[in-house]
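>>> Quick check, what structure comes out for this input:
(4 chains)
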Protein chains: 2
Amino acid sequence: MFEAFEKYLRQWVEISDEEMELIRAASVERKIRKWQSILHEGEVWKITCFITTGCFRLYRFSADGTDHTLRFGVENWWISDQESYNHEKPSEYNIEALAASSVIIWTKEKWEELKEIIPALKLFNEKLLARGYETSQQRIYSLISNSAEEKYLEFQKTYPKVFNSVPLHMVASYLGISRETLSRIRKDFTRRD
Amino acid sequence: MFEAFEKYLRQWVEISDEEMELIRAASVERKIRKWQSILHEGEVWKITCFITTGCFRLYRFSADGTDHTLRFGVENWWISDQESYNHEKPSEYNIEALAASSVIIWTKEKWEELKEIIPALKLFNEKLLARGYETSQQRIYSLISNSAEEKYLEFQKTYPKVFNSVPLHMVASYLGISRETLSRIRKDFTRRD
DNA sequence: CAGAAAGCGTGACAAATGTCAACGCCATTT
DNA sequence: AAATGGCGTTGACATTTGTCACGCTTTCTG
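Residues are numbered from 1 along each chain as shown, chains lettered A, B, ... in the order given. Predicted structure coming up:
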């Protein structure tokens, strides 16, 4: 399981075998059952978590009790609540597994230490954050400029893997539209093929 | 003008006088006229830019020719296209001054060099990016979960300074609603006071 | 295996929001 | 002072999207 992570990480930065061994030694592998939550609203997110298999979502409840999906995570992605992690404050979000999953985990303490010891890992972390920021920008642009149908098509095209592995009503909550609207858009679209 | 920046930066990290002098020596102060563009679609964003006075917006045209405001920048904020800066690729955005403004500018080359020389500046830059990411998350949540009226109220409350210094139709394009809808929401709201 | 729950689709209707056109106000220009 | 153009407002109407209700199918779960 760690091998997949090694391969992933080395696509981003150069890491020596010794360094990789340090990273491995500090990690813990864990299986997560379907529907299991790994972050509950009110808790502080104190780990760094890499998904080797399976699927997660980060979501939040609004005042009226409906839930809104901020982000999905699938194979070879990371899942976290950065705000809670950075400021060590209670999270307003929840993270749950949408399928039986495997993750690699580092405690915040160890991960921060590894970043100090291994410059390449720090660099990687910076690249990851930068990419996350860019992705957010693109999503914001999509949300303010696209119709429901356009958002649907773009999501399907940009994240086909995610699209095919999560329930439709969660995609709807990710796009900020109702599940019925999404269902109808999809019908129109498949009929046109 | 640089004094204001000094004060701002020292609220975030500790910088010695010598270090600050290095930062100052590498900087250029510039006045920007109202409506002047400092980034045009297709150009690469190669500077780091701090706003001392005035107001800017980052926007983009969609296929139908309408423009969408990604972000505003006012006093003591930064304005940039991170994606273009990071990857040195042609920007899809424009940045224009909404009022006569003053900025402090560093070339990418010098800014990157300063970050290497001054650890505190690198740390500051990381904090800034982290905060930007968190802000994006919150905006995404707002966009997928709030009605037009809620988005309006939240924006007004969170960024009163911005709200009061930019044209209404740009606020509308920032919130992803039409200017007419924004105008009506505002009317309803002021009548209730 | 049976019952329950979740997921998805769909019709009818309601509500929110967008579009188009016209108008007035105000700042700036001529 | 008149003309202009940008900005915001407003009415009428169209379109999009949401809500509610229901039913069918699949997937859990005891």
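>>> Can you give me the separation between whichever residue of chain A sits closest to DNA strand D and A:S173?
DNA strand D sits closest to A:T181 of chain A, with a gap of 3.1 Å, by C-beta to the nearest atom of the strand. (C-beta placed from N, C-alpha, C; glycine too.) Look at A:T181 and A:S173: by C-beta to C-beta, to the nearest Å, they are 11 Å apart.
>>> quick one: which of those two has more around it?
In this view A:T181 and A:S173 are compared by other C-beta atoms under 10 Å in any protein chain shown, and A:S173 has more residues nearby, 23 against 14.
>>> which helices and strands sit right next to the helix or strand where that one lies?
A:S173 is part of helix A:168-175 when elements are defined by DSSP states H and E. Counting contacts by 3 or more C-beta pairs under 8 Å, 6 or more residues apart in numbering or on different chains; DSSP states H and E, helix A:168-175 is packed against strand A:55-61, strand A:67-74, helix A:148-158, helix A:179-192, helix B:119-145.
>>> Could you confirm whether the lowest-mean-pLDDT helix or strand in chain A reaches DNA strand C?
Within chain A, no helix or strand scores below helix A:179-192, which has a mean of 86 by mean pLDDT, DSSP states H and E. Yes: Helix A:179-192 is in contact with DNA strand C by C-beta under 7 Å from any atom of the strand, via A:R179, A:E180, A:L182, A:S183, A:R184, A:R186, A:K187.
>>> Pull out the buried positions in that helix.
The neighbour-count check on helix A:179-192 (16 or more other C-beta atoms under 10 Å in any protein chain shown) flags A:L182, A:I185 as buried.
>>> Also stretch A:44-55?
A:W45, A:I47, A:T48, A:C49, A:F50, A:I51, A:T52, A:T53, A:G54, A:C55.
>>> next one: stretch A:98-106
Neighbour count says stretch A:98-106 has A:L98, A:S101, A:S102, A:V103, A:I104, A:I105, A:W106 buried, by 16+ other C-beta under 10 Å.
>>> Same list, these, but as TSV with secondary structure please.
Listed next are those as TSV, based on DSSP: H, G, I helix; E, B strand; the rest coil:
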residue	secondary structure
A:L98	coil
A:S101	strand
A:S102	strand
A:V103	strand
A:I104	strand
A:I105	strand
A:W106	strand
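>>> With respect to B:Q137, which of these is nearest?
A:L98 (19.9 Å; C-beta to C-beta).
>>> ok, and the closest non-adjacent residue to that closest one?
A:C55 (4.3 Å; C-beta to C-beta, 6 or more residues apart in numbering or on different chains).
>>> Spell out for me which residue occupies the centre of chain A.
A:G73 (3.3 Å; C-alpha atoms, centre = their mean).
>>> what's near enough to touch it?
Residues near A:G73 by C-beta atoms under 8 Å, 6 or more residues apart in numbering or on different chains: A:I51, A:C55, A:F56, A:R57, A:L58, A:I79.
>>> Give me the distance between it and DNA strand C.
17 Å (C-beta to the nearest atom of the strand, to the nearest Å).
>>> Need the pLDDT of that residue.
We have a pLDDT of 95 for A:G73.
>>> Now the terminal residues of stretch A:90-101, how far apart.
Distance between the two ends of stretch A:90-101: 25 Å, counting by C-alpha to C-alpha, to the nearest Å.
>>> Check what contacts it and list those residues.
Counting by C-beta under 8 Å, 6+ apart, residues outside stretch A:90-101 touching it are A:31-45, A:51, A:53-61, A:70, A:72, A:79, A:81, A:83-84, A:165-167, A:170.
>>> quick one: secondary structure of A:E43?
coil.
>>> Name the nearest residue to it, ignoring sequence neighbours.
In space, A:E43 is closest to A:S91, 5.9 Å off (C-beta to C-beta, 6+ apart).
>>> how about the one you found, phi and psi?
phi -80, psi 150 (degrees, to the nearest 10).
>>> returning to what we had before: now the contacts of A:G73 in JSON lines, with distance to B:L129 and pLDDT?
Formatted as JSON lines, these follow (distance: C-beta to C-beta, whole Å; pLDDT from 0 to 100):
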{"residue": "A:I51", "distance to B:L129": "23", "pLDDT": "96"}
{"residue": "A:C55", "distance to B:L129": "27", "pLDDT": "93"}
{"residue": "A:F56", "distance to B:L129": "24", "pLDDT": "95"}
{"residue": "A:R57", "distance to B:L129": "24", "pLDDT": "95"}
{"residue": "A:L58", "distance to B:L129": "19", "pLDDT": "97"}
{"residue": "A:I79", "distance to B:L129": "19", "pLDDT": "97"}
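>>> Quick one, which of the helices and strands packed on helix A:168-175 gets closest to B:S27.
Closest among the helices and strands packed on helix A:168-175, using C-beta to C-beta: helix B:119-145, at 12.1 Å.
>>> mind listing what's buried in that closest one?
Buried, per 16+ other C-beta under 10 Å, within helix B:119-145: B:120-122, B:124-126, B:129-130, B:132-134, B:136-137, B:139-145.
>>> And for A:R71, the neighbour number?
Count around A:R71 with other C-beta under 10 Å applied: 22.
>>> Pairing-wise in the sheet, spell out the partners of it.
A:L58 (DSSP bridges).
>>> per-residue confidence at A:R131?
97.
>>> Could you do A:G65 as well?
88.
>>> One more: the one 3 residues further on?
pLDDT, A:H68: 96.
>>> what do you get for the one 10 residues further on?
What the model reports for A:W78 is a pLDDT of 97.
>>> how near is it to B:I104?
Counting by C-beta to C-beta - A:W78 and B:I104 are separated by 35 Å.
>>> repeat for A:E92
Taken as C-beta to C-beta, the span from A:E92 to B:I104 is 35 Å.
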